[in-house]
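Engineer: output the structure for:
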Amino acid sequence: MSGQRPFILGLTGSIGMGKSTVAAMLEQLGVPVFDADAAVHRLQGPGGALLPAIESEFPGTTGPAGVDRQKLGAAVFGNPEALKRLEAIVHPAVGAMRADFLKQHAAAPLVVFDIPLLFEKGGHDQVDAVAVVSAPAEDQRARVLARSGMTEEKFEQILKLQVPDREKREKADFVIDTGTSLAETREAVRRLVEQLTGRE
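Structural biologist: Numbers count the residues shown, from 1 in each chain. Next up, the predicted model:
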C-alpha cells in the first residue's frame, strides 16, 4: 500500500448550481469531502486561528464573533492588493487543513475537495480530476434570486468574478447536471463514485 493515496476529485461549480447538494450526496455515499468554505469560516469564526493576523493587517475587521464579513469585505472589495494580502493569510492555513484532511483519510479510495473557485484560483492542478456541477442558466438564476438579500445586481457581480459555466464544463473531466430531478442527480453522483473507486 505504500505510496498509494486516495484519488482526489475537485468539486466546483458556479453560484446556484447545486454544488452543496452534490457534496452532501457524496458524503452520504461515504466519500470524505473537504469543504474549503467551511474551513475558512472556522479559521475566521469566533476564536478562529487567523483572527490575530487578519486584525493586524486589517484593523477593526474582527471582534468576539470573529471576522466582521461586511467590514473585511469593504476593506478588500475592489482592491486587488488588499485582497492579495488577505489571501496570503488565508490560503496557507486552508492548505494546511486540507493536507491534514488528506492524512486523516489516507486509506480512502476517493476524497473530494469542494472548492468553489477551483478554476478561478488555479487549484485544479492539485487534484486528479475535476467535476463541475452545472444546471441551465435559468435554473441557476431562479435559485440564486430566491436567496434572501440577493439582487439582480449582486448576482451579475458574482457572475462576473466567476469563470463562465460553459468554460468550466469544457475544462471539467466530469459534469454533474443538477437541472434534473434530485433522484437523477443522486444516481449520476453514485455512478461517478463507482467509476472513480473502481467498483463498476
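
Engineer: separation between the residue nearest the centre of the chain and residue 127?
Structural biologist: Geometric centre of the chain, nearest residue: residue 115, 2.5 Å, by CA atoms, centre = their mean. Here residue 115 is placed at a distance of 8 Å from residue 127 (CB to CB, to the nearest Å). C-betas here are computed from N, CA, C, even on glycine.

Engineer: give me the common contacts of the two.
Structural biologist: Listed as contacting both residue 115 and residue 127 by CB atoms under 8 Å, 6 or more residues apart in numbering are residue 10.

Engineer: what about the closest residue to residue 162 other than its chain neighbours, which helix or strand?
Structural biologist: Nearest residue to residue 162 in three dimensions, chain neighbours excluded: residue 14, at 5.0 Å (CB to CB, 6 or more residues apart in numbering). Following DSSP states H and E, one finds residue 14 outside all helices and strands.

Engineer: just checking, residue 14 touches residue 161?
Structural biologist: No: using CB atoms under 8 Å, residue 14 is not in contact with residue 161, being 10.0 Å away.

Engineer: mind checking which of the two has more residues around it?
Structural biologist: Neighbour count, other CB atoms under 10 Å: between residue 14 and residue 161, residue 14 has more, with 24 against 10.

Engineer: backbone dihedrals for that one, please?
Structural biologist: In terms of degrees, to the nearest 10, the main-chain angles of residue 14 are phi -70, psi 170.

Engineer: ok, now the one 5 residues further on?
Structural biologist: Residue 19 adopts backbone torsions of phi -60, psi -40, taken as degrees, to the nearest 10.

Engineer: surely it meets residue 10?
Structural biologist: No: with contact defined as CB under 8 Å, residue 19 does not reach residue 10; the gap is 11.2 Å.

Engineer: how is the protein carved up into domains?
Structural biologist: Under the assignment automatic domain parsing, the domains of the chain span 1-32+109-200, 36-104.

Engineer: how about those in CSV, adding mean pLDDT?
Structural biologist: What follows is these, written out as CSV (pLDDT from 0 to 100):
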stretch, mean pLDDT
domain 1-32+109-200, 90
domain 36-104, 92
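
Engineer: hmm, residue 136 is touching residue 169, no?
Structural biologist: No: Residue 136 lies out of contact with residue 169 (CB under 8 Å); the separation is 11.8 Å.

Engineer: just checking, residue 54 is part of a strand?
Structural biologist: No: with DSSP: H, G, I helix; E, B strand; the rest coil as the criterion, residue 54 is assigned helix and is not in a strand.

Engineer: quick one: the helices in the protein?
Structural biologist: For the chain, the helices defined by DSSP state H occupy 19-28, 36-44, 51-57, 69-76, 80-104, 137-145, 152-161, 165-171, 182-196.

Engineer: to residue 122, which of these lies closest?
Structural biologist: helix 80-104 (10.7 Å; CB to CB).

Engineer: which helices and strands sit right next to that closest one?
Structural biologist: strand 33-35, helix 36-44, helix 51-57, helix 69-76, strand 110-114 (3 or more CB pairs under 8 Å, 6 or more residues apart in numbering; DSSP states H and E).
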